[in-house]
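Student: what's the 3D shape of this:
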Amino acid sequence: LCRGLPLISPIRFILAYLPEIWDDDAELDILVGAIVGCIPEWKDLGVFEMPHDSLGGEANFNELVAEPLKDAKNLRSLILSAYEQDLFFRGIIPEYLSTIASNPSLQEIRPKAPPRKRLSLGFVRVVQSNARLAELFDLRHVGILSKPFVYPPQLFADPKLEDTIWDRVLFHLFHIVNSPGQSLSDSDNDDADNDEPPEARSYLLVCKRFARLGTSYLYENPHLASVQSFQAFAQRLVDQPSLGLHVRRLGLDLYEDDADMVTIEKILARVPGLIEFNSDRRRWSPRILRELARHCGASIQILRVPIVESMEETIDPAIFAQFPQMQSLTWQSHIAFNTAGGTNMTEVFSQLKDLSIAAACGSFHEVISEMRLPSLRTAHFYDYLVRTRNDPFLETRRKAGGTDSYTRSPFFSHALPLRVGQGPHHRLCMGRGNLLEYPRSV
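Tutor: As a prediction, the model looks like this:
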């Protein structure tokens, strides 16, 4: 490469990346020297793009190429890395930039891409104070400057419109700027009263309007990952019941020793609009299903809650009928169901689209097999569950009318006709990595 560089005459030269310490590498050092030596010979060079990282141990690449670029007769454009810290974020003009800018043929200097961070006012001022740089940098082109915000006076006359605008602003802050599902997560300390990230709380402290409009977003998707945040959240709902009306999704990243039944009952009793409950790690007693059905059954759409196996207690399958909006169910329990009651389960879970069975006993399969499940699109069975050849759920799908698909799983010794739902597209997942997907017309 070094021998070939003098033989070409590039119009545009791009050095995308250099290691932070390149002059300790003999081959890279030779390459840099070849580039510096070839620039005066490249008569057609019109565009030169600086690398992302250009610091060397003893020498700076940008400084090395500055002198030859200053004299490049046809150089029209200098492209800088958007991560040029001194210039864009500290407002300091690097010496190499002043040197290259003195080239009379140079017409523009611009960053390769808009910097991710907010540019410093120092950068804007230093460019505007230097006539040559102000001529070369098109600040409007790179989007650095923006028009000063002027609060529209007509909004003062329309409080509802003003609320709508600020509501959208807060929606953006909580749903886009902040990570989803972390609005009530743990802070770095153990203070139970300060479990939201400071940036989330700070929005609500700006003014009373922000507190009124933003509270719903702060409490919409709590994720509780410690016993402190779990207990503090429950107490907050007890003290201010109106906060529970905003909760839509509740995630618990807790184990048995961290989350007690009394506290979760306090929470569930105050979140009537809950649509998702996810407690992947903590195994609960069957009582959790009754509490969910009692307080949130009408609204729950997504449920993932492991149940402890009990020798003394069984579950009445009629409990499932109290979740009419259920769309996604992950079942993980070997607890038995009382199937002697003769409950008609045909129309239960009519909205269910996704079913995952991570652990189950035979009576659960009997219950789920009695359901028609007209909306089911995806069924996921973990590895050991598909080792049996006569699973009642799959057998029911086989006997039912509608779409049939003949598939073979590695765990089955024969082809098994399946029917999953009535929709246009279905997926059957059998264990890890075994995904069967087929259109209705198959």
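Student: all helices for the stretch 301-442 of the chain, in order.
Tutor: Ranges of helices within the stretch 301-442 of the chain are 362-369, 392-399, based on DSSP state H, counting those that start in this stretch.
Student: got it, and the stretch 1-150 of the chain?
Tutor: Using DSSP H, counting those that start in this stretch, helices in the stretch 1-150 of the chain cover 26-38, 61-70, 85-88, 95-101, 121-128, 131-136.
Student: comparing those helices, which yields the minimum mean pLDDT?
Tutor: With a mean of 65, helix 85-88 has the lowest mean pLDDT of those.
Student: as CSV, the helices of the stretch 1-150 of the chain with mean neighbour count would be great.
Tutor: In short, each C-beta sits where N, CA and C put it, glycine included. As requested, the helices of the stretch 1-150 of the chain are arranged in CSV below (neighbours: other C-beta atoms under 10 Å):
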stretch, mean neighbour count
helix 26-38, 15
helix 61-70, 20
helix 85-88, 18
helix 95-101, 19
helix 121-128, 15
helix 131-136, 14
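Student: Leu243 is nearest to which of the ones you listed?
Tutor: Among those, the nearest to Leu243 by C-beta to C-beta is helix 121-128 (39.4 Å).
Student: packing partners for that closest one?
Tutor: helix 131-136 (3 or more C-beta pairs under 8 Å, 6 or more residues apart in numbering; DSSP states H and E).
Student: who are the packing partners of the helix it packs on?
Tutor: helix 95-101, strand 108-111, helix 121-128.
Student: pipe the ones you listed into CSV and attach distance to Phe13 per row.
Tutor: Putting those into CSV (distance: least, C-beta to C-beta, whole Å) gives the following:
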stretch, distance to Phe13
helix 95-101, 13
strand 108-111, 15
helix 121-128, 25
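Student: what's the closest of these to Gly342?
Tutor: strand 108-111 (72.4 Å).
Student: could you say what helices and strands the closest one packs with?
Tutor: So strand 108-111, by 3+ C-beta pairs under 8 Å, 6+ apart, packs with strand 77-80, helix 131-136.
Student: looking at these, which is closest to Val36?
Tutor: The nearest among those, by C-beta to C-beta, is strand 77-80 at 15.7 Å.
Student: so for the closest one, what gets flagged as buried?
Tutor: Of the residues in strand 77-80, 78-80 count as buried by neighbour count, 16 or more other C-beta atoms under 10 Å.
Student: least trustworthy position among those, going by pLDDT?
Tutor: Leu80 (82).
Student: re earlier: what's the closest of the helices and strands packed on strand 108-111 to Ala298?
Tutor: Of all the helices and strands packed on strand 108-111, strand 77-80 sits nearest to Ala298, with 58.4 Å by C-beta to C-beta.
Student: and for the closest one, what's in contact with it?
Tutor: With C-beta atoms under 8 Å, 6 or more residues apart in numbering as the test, strand 77-80 has contacts from 46-50, 69, 87, 97, 100, 106-112, 136.
Student: for Val36, which non-adjacent residue is closest in space?
Tutor: Using C-beta to C-beta, 6 or more residues apart in numbering and skipping residues adjacent in sequence, the residue nearest Val36 is Leu64, 5.1 Å away.
Student: please tell me how far the one you found sits from Ile35.
Tutor: Relative to Ile35, Leu64 is positioned 8 Å away (C-beta to C-beta, to the nearest Å).
Student: can you flag the weakest of the helices of the stretch 301-442 of the chain by average pLDDT?
Tutor: Going by mean pLDDT, the lowest-scoring of those is helix 392-399, which has a mean of 55.
Student: give me the below-cutoff pLDDT ranges for the protein.
Tutor: 1-2, 19-25, 52-59, 82-90, 113-121, 139-157, 171-206, 256-258, 382-442 (pLDDT under 70).
Student: domain ranges for it?
Tutor: Listed by automatic domain parsing, the domain ranges of the chain are 5-136, 150-302, 309-442.
Student: on that earlier part again, quick one: the helices of the stretch 1-150 of the chain as a markdown table, columns for distance to Thr339 too.
Tutor: Listed next are the helices of the stretch 1-150 of the chain as a markdown table, based on distance: least, C-beta to C-beta, whole Å:
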| stretch | distance to Thr339 |
| --- | --- |
| helix 26-38 | 73 |
| helix 61-70 | 75 |
| helix 85-88 | 68 |
| helix 95-101 | 79 |
| helix 121-128 | 72 |
| helix 131-136 | 80 |
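Student: out of the ones you listed, which gets nearest to His365?
Tutor: helix 85-88 (61.1 Å).
Student: list the buried residues in stretch 231-247.
Tutor: Neighbour-count burial for stretch 231-247 [16+ other C-beta under 10 Å]: 231-234, 236-237, 243-244, 246-247.
Student: Glu41: which of the helices and strands packed on helix 131-136 is closest?
Tutor: Closest approach to Glu41 among the helices and strands packed on helix 131-136 (C-beta to C-beta): helix 95-101, 17.8 Å.
Student: who's in contact with the closest one?
Tutor: With contacts defined as C-beta under 8 Å, 6+ apart, helix 95-101 is touched by 60, 62-63, 65-67, 69-70, 78, 80, 87, 106, 109, 132-133, 136.
Student: for those residues, which one is nearest Leu218?
Tutor: Closest to Leu218, out of all of these and judged by C-beta to C-beta, is Leu87, at 38.0 Å.
Student: who wins for proximity to Gln332 among the helices and strands packed on strand 108-111?
Tutor: That would be strand 77-80 among the helices and strands packed on strand 108-111, by C-beta to C-beta, at 53.9 Å.
Student: sheet partners, orientation included, of the closest one?
Tutor: In its sheet, strand 77-80 lies beside strand 47-49 (parallel), strand 108-111 (parallel), with partners assigned from DSSP bridges.
Student: what lies in contact with the first one?
Tutor: Read it as strand 47-49. 11-16, 65, 69, 72, 75-79, 112.
Student: flag every buried residue along the helix or strand where Thr215 lies.
Tutor: Take DSSP states H and E as the rule and Thr215 turns out to sit in helix 208-218. Residues of helix 208-218 classed as buried: 210, 213-218 (neighbour count, 16+ other C-beta under 10 Å).
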